[in-house]
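S.K.: sequence-free structure coming up:
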C-alpha cells in the first residue's frame with residue numbers, strides 16, 4: 001500500500017472513532033442547521049418538554065442549568081444604562097444597527113462611543129498591561145476563562161489576586177469545567193478558595209449531567225472595578241504568551257476597554273456566575289461613567305448557547321452580507337455551515353476581496369482536515385485562503401471594508417455557534433480598527449497562500465469530507 005493511501009486509511013479510522021465520541025457527548029439547547037451542503041445535523045428540540053420526552057434519563061441538573069441560564073439573561077435585562085445612541089447609529093449604518101438589535105436580545109447590551117479601547121496584537125504586551133491593571137484594583141476583580149492552567153502566566157496573576165483579597169478586594173473567578181482533570185484541577189481550585197478567591201466552575205465535567213449537555217463556557221473576560229474590561233482570544237496559560245507551545249509560535253490577542261463598555265462585561269460575567277450558588281445583584285456592580293467622546297461605535301456582546309439568538313453566527317453572516325470591498329478574517333477553526341458558506345460565495349460574487357487566514361499547524365487533526373476540505377470550494381468562489389506558517393494562530397478577528405470589526409472568542413464552527421458561551425466586541429468606524437487590520441496584514445505576511453496549483457498539498461480524501469465537516473465543529 002502506498003504511504004499516502006495508508007495515511008488516508010489511518011485518518012479515516014481516527015475520524016470514525018471521533019464521530020462515535022461526538023455522538024456520545026453531543027447535546028444542545030439550541031436548534032441546529034446544516035453543517036455542509038452534503039451533510040446535515042439532526043434537529044434538536046429546544047423546549048424542556050421535548051427534551052424530557054426525547055430522553056427520560058436526562059438528569060434534572062442538565063435541565064435546571066438551561067432554566068437558570070435563561071433566567072439570568074432575563075434578570076439582567078434592563079440593568080445596563082442605555083446611551084441614547086440608537087437613532088444616531090441607525091442613521092450612520094443600518095447594517096450595524098440590525099446587528100445591534102441582535103445583541104440587545106442577549107442582554108440589553110448598549111451601543112457606546114468608539115473610544116477607550118486598546119487592541120493588543122501581541123499577547124505579551126496585553127498581558128503586561130493586564131498585570132498592571134490587576135495590581136491597581138480597589139473594589140472587585142471578575143475573571144471568566146475557558147482555560148486556566150498553572151504556570152508562569154497564571155502564577156503572576158494568582159499572586160496578585162491573593163494580595164488583592166488581603167487588601168479587601170473581592171475576587172471572583174469562573175472556570176469552565178471541561179479542563180478539571182488537566183488544567184483547572186481540584187487542587188488548583190482548592191488552593192484558590194483557601195486564599196479567599198471565590199470560585200465557581202461552569203458545567204463541571206465531573207458531573208454526569210453536565211458531561212451529557214456538552215455546553216461549555218468559551219469566553220475570555222476580565223473586569224476590574226467596573227472600569228476596565230478585557231476580552232479576546234487568549235486564555236490564561238503559558239502557551240498564550242509563548243513560554244511553552246506545542247504548536248509552534250502561538251499567535252493570539254487581547255482587547256482592553258475602559259469606561260462604559262466594562263459594564264457590559266460585568267453583566268456577561270454575572271449571567272454565568274449567578275447560575276451557581278448565591279446570586280449577586282447585577283445593579284450593585286454596575287458603575288457610572290461619564291459618557292465617552294470619540295468617533296465610531298462599539299458594542300460588547302455575549303452569546304448564550306441555551307437560546308436561539310445565535311449572536312456569534314449572525315455577526316459573521318452580517319460581516320459578509322454588508323461587505324462591499326473587503327473582508328479580512330482570521331480564525332483557528334473555520335467550518336462554516338451551508339448558509340454561511342452560501343453567504344461567503346455571494347459576497348465573493350459581488351467582487352469583494354475575501355482573505356481568510358487559518359493555522360498551518362493545527363491543534364486537532366480532524367478540525368484541520370475538515371477546514372482543508374473547504375479550500376477547493378472557497379478558492380473556486382474567489383476567496384483567497386492562507387495558512388499561518390510559524391505555528392498556531394488562535395485569535396479571532398474579522399474586518400469588513402476597513403470600518404466594521406469584530407474581536408473576541410467566537411470561532412466559525414458549530415461548537416461556537418451552538419454549544420458555547422461566547423463574547424466579543426463589534427466596532428464601527430473606530431480608530432482602533434486600523435490596528436486590528438494592521439495585525440491582519442502582519443499575520444498575512446507570514447502566511448503561505450493555498451492556490452489551485454498547490455492545493456493538492458492540503459487536500460483531504462473526498463470520502464471523508466462530509467464526516468469531517470459534520471463532526472469537527474462539535475468536538
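M.R.: Received the coordinates, thanks. Fair warning: this is a prediction, and the values are worked out from it, not measured in the lab.
S.K.: show the average pLDDT along the host helix or strand of residue 74.
M.R.: Assigned by DSSP states H and E, residue 74 falls within helix 60-76. Helix 60-76 shows a mean pLDDT of 81.
S.K.: quick one: buried residues of the helix or strand following it?
M.R.: The first helix or strand that comes after helix 60-76 along the chain, using DSSP H and E, is helix 86-92. Counting neighbours by 16 or more other CB atoms under 10 Å, one finds that the buried residues in helix 86-92 are residue 89. Every residue, glycine included, has its C-beta placed from N, CA and C.
S.K.: give me the contacts around helix 86-92.
M.R.: 96, 97, 100, 111, 297, 428, 429 (CB atoms under 8 Å, 6 or more residues apart in numbering).
S.K.: most neighbours among the residues you listed, which one is it?
M.R.: With neighbours taken as other CB atoms under 10 Å, the top of the contacts of helix 86-92 is residue 111, carrying 26 neighbours.
S.K.: who's in contact with that one?
M.R.: Per CB under 8 Å, 6+ apart, neighbours of residue 111: 83, 85, 86, 89, 100, 297, 298, 299.
S.K.: and it, how far is that from residue 80?
M.R.: 11 Å (CB to CB, to the nearest Å).
S.K.: what do you get for residue 148?
M.R.: 27 Å.
S.K.: neighbour-wise, which of the two wins?
M.R.: residue 148 (27 against 20).
S.K.: and the pLDDT at that one?
M.R.: pLDDT at residue 148 comes out at 97.
S.K.: and it, how close does it get to residue 188?
M.R.: Taking CB to CB, one finds residue 148 at 8 Å from residue 188.
S.K.: identify the contacts common to the two.
M.R.: Joint contacts of residue 148 and residue 188 (CB under 8 Å, 6+ apart) do not exist.
S.K.: and the closest residue to residue 243 other than its chain neighbours, what does it touch?
M.R.: Nearest non-adjacent residue to residue 243, counting by CB to CB, 6 or more residues apart in numbering: residue 152, 5.3 Å away. Residue 152 makes contacts with 238, 241, 243, as judged by CB under 8 Å, 6+ apart.
S.K.: please identify which of those is nearest to residue 268.
M.R.: residue 241 (24.0 Å; CB to CB).
S.K.: just checking, the closest one touches residue 123?
M.R.: Yes. Residue 241 lies in contact with residue 123 (CB atoms under 8 Å); the separation is 5.4 Å.
S.K.: tell me how many other residues surround residue 182.
M.R.: Residues within reach of residue 182, counting by other CB under 10 Å, total 10.
S.K.: so what pLDDT did residue 46 get?
M.R.: Value listed for residue 46 in the pLDDT field: 30.
S.K.: using the three-state scheme, assign residue 351.
M.R.: Of the three states, residue 351 takes coil under DSSP: H, G, I helix; E, B strand; the rest coil.
S.K.: how far away is it from residue 323?
M.R.: Distance from residue 351 to residue 323, by CB to CB: 10 Å.
S.K.: follow-up on the earlier one: look up phi and psi at the residue nearest to residue 243.
M.R.: Dihedral pair for residue 152: phi -70, psi -40, per degrees, to the nearest 10.
S.K.: what's across from residue 385 in the sheet?
M.R.: Note on residue 385: beta-bridge partners residue 356, residue 450, judged by DSSP bridges.
S.K.: what sits against it?
M.R.: Neighbouring residues of residue 385 by CB under 8 Å, 6+ apart: 356, 358, 375, 378, 379, 449, 450.
S.K.: what pLDDT does residue 33 get?
M.R.: 38.
S.K.: helix or strand for the residue lying closest to residue 196 once chain neighbours are set aside, which one?
M.R.: Spatial nearest neighbour of residue 196, chain neighbours left out: residue 165 (3.9 Å); criterion: CB to CB, 6+ apart. Assigned by DSSP H and E, residue 165 belongs to helix 152-166.
S.K.: flag every buried residue along that helix.
M.R.: Buried, per 16+ other CB under 10 Å, within helix 152-166: 153, 154, 157, 158, 160, 161, 162, 164, 165.
S.K.: surely residue 179 touches residue 145?
M.R.: No. If you go by CB under 8 Å, residue 179 and residue 145 don't touch, sitting 9.8 Å apart.
S.K.: who has more neighbours, these two?
M.R.: residue 145 (25 against 20).
S.K.: look up how far residue 400 lies from residue 86.
M.R.: 21 Å.
S.K.: now residue 87
M.R.: In terms of CB to CB, residue 87 sits 23 Å off from residue 400.
S.K.: what about the nearest residue to residue 254 once chain neighbours are set aside, how many residues nearby?
M.R.: Leaving out its chain neighbours, the residue that sits closest to residue 254 by CB to CB, 6+ apart is residue 126, at 3.2 Å. Counted with other CB under 10 Å, the neighbours of residue 126 add up to 23.
S.K.: helices - which of the contacts of residue 152 land there?
M.R.: With DSSP state H as the criterion, helices contain none of the contacts of residue 152.
S.K.: same list, these, but as a markdown table with pLDDT please.
M.R.: A markdown table is the format used below for the contacts of residue 152 (pLDDT from 0 to 100):
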| residue | pLDDT |
| --- | --- |
| 238 | 97 |
| 241 | 97 |
| 243 | 95 |
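S.K.: for ChimeraX, write a command that selects the buried ones of those residues.
M.R.: Filtering these down to the buried ones (16+ other CB under 10 Å) takes a single ChimeraX command:
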select :238,241
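S.K.: and which of the contacts of residue 152 is nearest residue 419?
M.R.: residue 238 (26.5 Å).
S.K.: show me the shaky parts of this protein.
M.R.: 1-63, 206-213, 460-468, 470-475 (pLDDT under 70).
S.K.: and with 80 instead?
M.R.: 1-63, 181, 205-213, 291-292, 459-475 (pLDDT under 80).
S.K.: which of the contacts of helix 86-92 sits closest to residue 304?
M.R.: residue 100 (17.2 Å).
S.K.: where's the closest one relative to residue 306, distance?
M.R.: 22 Å.
S.K.: what about residue 276, which helix or strand?
M.R.: Using DSSP H and E, residue 276 falls outside every helix and strand.
S.K.: hang on, the earlier thing: quickly list what's touching both of residue 241 and residue 123.
M.R.: Counting by CB under 8 Å, 6+ apart, the residues touching both residue 241 and residue 123 are residue 234.
S.K.: ok, the residue nearest in space to the middle of the chain to residue 395 distance?
M.R.: Centroid check for the chain by CA atoms, centre = their mean gives residue 409 as the closest residue, at 2.2 Å. Residue 409 sits 10 Å away from residue 395, going by CB to CB.
S.K.: same deal with residue 457?
M.R.: For residue 457, the distance to residue 395 - CB to CB - is 25 Å.
S.K.: which one of the two is surrounded by more residues?
M.R.: residue 395 (26 against 9).
S.K.: which residues touch the more buried one?
M.R.: 232, 233, 234, 251, 252, 253, 330, 332, 407, 439.
S.K.: show me the two of the contacts of residue 385 that sit farthest apart.
M.R.: Maximum distance among the contacts of residue 385 (CB to CB): 13.2 Å, for 358 and 379.
S.K.: neighbour count for these two, which is higher?
M.R.: Neighbour count, other CB under 10 Å: between residue 358 and residue 379, residue 358 has more, with 26 against 16.
S.K.: just the buried residues of the contacts of residue 385.
M.R.: 356, 358, 375, 378, 379, 450.
S.K.: confirm the fourth one sits in a helix?
M.R.: Yes. Using three-state DSSP, the secondary structure at residue 378 is a helix.
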